[in-house]
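>>> take this sequence and fold it.
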Amino acid sequence: MQTVPLSDDENYAILAEQFGDGLSSLGASDQQRVVKRLHTVLASSTPQYYIYETVEGCDELEIIREGDSLRLYCRLVMGLPQNDARYNVLFAFYVDDHGYDPSRLSHFDDAAERWLDEITDFATVQNVDAYLEEHDAKKAEFFAKRLDE
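Predicted coordinates:
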């Protein structure tokens with residue numbers, strides 16, 4: 001049986017500084033699970049299927065679940081740029097063990113809205129390429145290497 005990809009779009013993740021802080025506060029096995037989940041999402045032809053829910057009271061913030069306890073607070077933007085869709089970008093803001101602080105989430109929701117406005121404004125692939133490079137965007141291979149270490 002042959003697998004047919006649903007999309008040719010490339011998937012990238014941009015990790016906010018707070019995401020790294022949250023990741024480093026987790027134990028080694030939970031860190032590994034988060035890295036594996038990011039790899040799985042970015043390696044997928046349908047990354048939108050990993051969005052578990054939106055955050056209640058937030059306009060833009062979404063959640064990717066890893067198991068029963070870990071939550072990745074993010075925003076997935078599909079089909080960039082709008083005229084020539086080539087990229088899907090996951091903005092990862094925060095990760096925790098489901099013990100989140102609602103005031104922090106509203107801050108991340110504001111950041112998600114700003115990033116969404118910024119990246120959806122680009123009209124050309126070159127603009128998106130420059131943005132991804134400027135923000136040190138990661139592909140699935142980056143996370144695969146971390147899993148091998």
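
>>> what's the longest helix in this protein?
Within the chain, and with DSSP state H defining each element, the longest helix by residue count is helix 102-119.

>>> helices or strands next to it in the packing?
For helix 102-119, the packing partners by 3 or more CB pairs under 8 Å, 6 or more residues apart in numbering; DSSP states H and E come out as strand 70-80, strand 87-96, helix 125-134. For every residue, glycine as well, the C-beta is placed using N, CA and C.

>>> point out the most buried one among those.
Among the helices and strands packed on helix 102-119, strand 87-96 has the highest mean neighbour count (mean count of other CB atoms under 10 Å), at a mean of 24.

>>> could you confirm E56 falls within a helix?
No. E56 is assigned coil when assessed by DSSP: H, G, I helix; E, B strand; the rest coil, not a helix.

>>> show the backbone phi and psi for it.
Per-residue torsions, E56: phi -60, psi 130 (degrees, to the nearest 10).

>>> flag the shaky bits of the chain, pLDDT-wise.
Scanning the chain for pLDDT under 70 picks out 1-8, 100-101.

>>> just want the most central residue of it.
L90 (2.9 Å; CA atoms, centre = their mean).

>>> I'd say that one and V41 touch.
Yes. Using CB atoms under 8 Å, L90 makes contact with V41 at a distance of 6.5 Å.

>>> what touches both of the two?
Residues touching both L90 and V41 (CB atoms under 8 Å, 6 or more residues apart in numbering): N11, A13, P47.

>>> from those, pick the one nearest D97.
A13 (20.1 Å; CB to CB).

>>> can you pull the contacts of the closest one?
Per CB under 8 Å, 6+ apart, neighbours of A13: L38, V41, L42, V89, L90, F91, A92, A137, K138, K139, F143.

>>> how about it: what's its closest non-neighbour residue?
In space, and not counting its chain neighbours, A13 is closest to L90: 4.5 Å by CB to CB, 6 or more residues apart in numbering.

>>> V77: what's it in contact with?
N88, V89, L90, F91, L116, I119, T120.

>>> typo on my end, it should be E62
Contacts of E62 (CB under 8 Å, 6+ apart): I51, Y52, E53, T54, V55, Y73, C74, R75, L76.

>>> phi, psi of it?
The phi/psi pair for E62 (degrees, to the nearest 10) is phi -120, psi 160.
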